[in-house]
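Novice: from the sequence below, what's the structure:
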Amino acid sequence: MTGLSAPRSTGAPPGSCSFSFYDVSVTRPAFLDRLPAAPPSLVRALAIAAVVAQAGIAVTGSVVRVTGSGLGCPEWPECFPGSLVPTPHPEVEPLTQWIEFGNRLLTFAVVLVAGACLLAALATRPRRTRLTRLALVQPLGVVAQAAIGGAVVQLGLVWWSVSVHLLVSMVLVWLAVQLVAAASDGDGPARRLVGGAVRGLVATCTAVLAAVLVAGSFVTAAGPHAGDAATPRLDVSVETVAQVHAELLVGYLGLLVGLGFALRAVAAPARVLRRYGVLVAVVAAQGLLGAVQYALGVPEILVSLHVLGAALVTVAAAALWAALSERPALAPAAQPAPGAAQESALADKGS
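Specialist: Okay, the predicted model is just below:
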């Protein structure tokens, strides 16, 4: 719904040829203006909860996979035809039904957190465009993930659909971290804390990290944990995709080493250096866990821990990206001094 405001005065003298245009603005729903102002601490807490929720449901999804419960509920959105909840079925173990159904129930918790983030962002005073947009992504992302999850079930857990489901979760984790940063920032223009060359190197690291995550999902797709015994696997040897995954990880670590020297050379702020250190530590731990997982034949518990590690690496990388710039609060508009409006009105009347 749009509203048209009165035409603006152009300031042209009477009789001159000039045109003015109508402002077109989006009308906000009235209930948004009745929401109590959300304190920044609440917005930040809800944003952190969104990070935990998005990462957590990715981990529980891996539990569904390694326990072979992916088709515990073979229908979507119903569990079985005519029933939204698990029901006794001769072909499906009750435990696998409840594991899959429990993961579906967690989606509602993620929806609640995402919706609360959006409401809190809308209730922030003054309104902050970037914060609101990042908050809006969370519920939209959950809806998209629900649709993708339904497609995964309908496709019979085909390997590439499960990979997409996981990778979208990592994107939502990244964006949730940006929401946390936006909750602390103002809505002013971004001020870069490092130069363009360093930012470009961080962007390159991020692109390589994305490739590492994709390759990691392919390792699982070629491995023994399909989510269901009858699901076909990626027709590539685990050794081949694991080697590609490992080489990409080594390349990523090499880029991080170079990034460390670059950050020192430009005297990056302490906050940036701290987050860089956290990222290096998390990536090293994740690499060690992956090596142990491969050496032990990909045991179930380590698969879920590796998915958790992937989420933590994503969080650390996103936090480093967010630290490269800051956004101060916009300066409030200058208020006229007491009595200035009356003096102005008297002067106009006298003229």
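
Novice: in stretch 40-48, what counts as buried?
Specialist: By neighbour count on 16 or more other Cβ atoms under 10 Å, the buried set for stretch 40-48 is 43-48. Glycine gets a C-beta too; all of them are placed from N, C-alpha and C.

Novice: please apply the same query to stretch 185-192.
Specialist: 185-187.

Novice: need those in CSV (columns: distance to C205).
Specialist: Formatted as CSV, the buried residues of stretch 185-192 follow (distance: Cβ to Cβ, whole Å):
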residue, distance to C205
D185, 22
G186, 27
D187, 28
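
Novice: closest one of the buried residues of stretch 40-48 to G68?
Specialist: Nearest to G68 out of these is I48 (Cβ to Cβ; 32.9 Å).

Novice: skipping its backbone neighbours, what lies nearest the closest one in space?
Specialist: The spatial neighbour of I48 that comes closest, neighbours along the chain excluded (Cβ to Cβ, 6 or more residues apart in numbering), is V180 at 5.7 Å.

Novice: can you give me the strands in the stretch 101-250 of the chain?
Specialist: For the stretch 101-250 of the chain, applying DSSP state E, counting those that start in this stretch gives strands covering 191-192.

Novice: just for it, where's the confidence low?
Specialist: Across the stretch 101-250 of the chain, the ranges flagged by pLDDT under 70 are 226, 228-229.

Novice: try 80
Specialist: Across the stretch 101-250 of the chain, residues meeting the criterion (pLDDT under 80) sit at 186-188, 223-232.

Novice: the domain parsing of this protein - what is it?
Specialist: According to automatic domain parsing, the chain is divided into the following domains: 29-188, 189-326.

Novice: quick revisit: so of the buried residues of stretch 185-192, which ones are in helices?
Specialist: Residues of the buried residues of stretch 185-192 located in helices (DSSP state H): none.

Novice: out of the residues you listed, the closest to V298 would be?
Specialist: D185 (41.2 Å).

Novice: tell me the contacts of the residue nearest to that closest one when sequence neighbours are not counted?
Specialist: Distances taken as Cβ to Cβ, 6+ apart place R327 nearest to D185, at 3.9 Å, with adjacent residues excluded. Residues in contact with R327 (Cβ atoms under 8 Å, 6 or more residues apart in numbering) are 130, 182, 185-191.

Novice: any chance of those in TSV with distance to V283 as columns?
Specialist: Shown next, in TSV, are these (distance: Cβ to Cβ, whole Å):
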residue	distance to V283
R130	28
A182	25
D185	26
G186	31
D187	32
G188	32
P189	32
A190	26
R191	28
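
Novice: so which of those is the closest to L172?
Specialist: A182 (15.0 Å).

Novice: quick check: the closest one vs G115, distance?
Specialist: From A182 across to G115, the span is 17 Å (Cβ to Cβ, to the nearest Å).

Novice: tell me what the host helix or strand of V280 is packed against?
Specialist: In the assignment (DSSP states H and E), V280 maps to helix 270-295. On a contact count with 3 or more Cβ pairs under 8 Å, 6 or more residues apart in numbering; DSSP states H and E, helix 270-295 meets helix 238-265, helix 300-323.

Novice: sorry, back to before: which one among the buried residues of stretch 185-192 gets closest to G251?
Specialist: Comparing these against G251 with Cβ to Cβ places D185 closest, at 31.9 Å.

Novice: what's near enough to touch that closest one?
Specialist: 130, 326-328 are the contacts of D185 under Cβ under 8 Å, 6+ apart.

Novice: check L256 too.
Specialist: Applying Cβ under 8 Å, 6+ apart, we find L256 in contact with 205, 276, 279-280, 283.

Novice: ok, now with 6 Å
Specialist: Residues near L256 by Cβ atoms under 6 Å, 6 or more residues apart in numbering: V280.

Novice: from V282, how far off is it?
Specialist: Following Cβ to Cβ, the distance that separates L256 from V282 is 11 Å.

Novice: for the nearest residue to P224 once chain neighbours are set aside, what are phi and psi?
Specialist: With Cβ to Cβ, 6+ apart as the criterion, P224 has its nearest non-adjacent residue at 6.3 Å, and that residue is V298. Backbone torsions for V298, taken as degrees, to the nearest 10, come to phi 60, psi 60.

Novice: about what we covered before: the helices and strands packed on helix 270-295: which one's closest to A37?
Specialist: Nearest to A37 among the helices and strands packed on helix 270-295 is helix 300-323 (24.3 Å), distances taken as Cβ to Cβ.

Novice: quick check: mean pLDDT across the closest one?
Specialist: Averaged over helix 300-323, pLDDT sits at 95.

Novice: no more questions from me, cheers.
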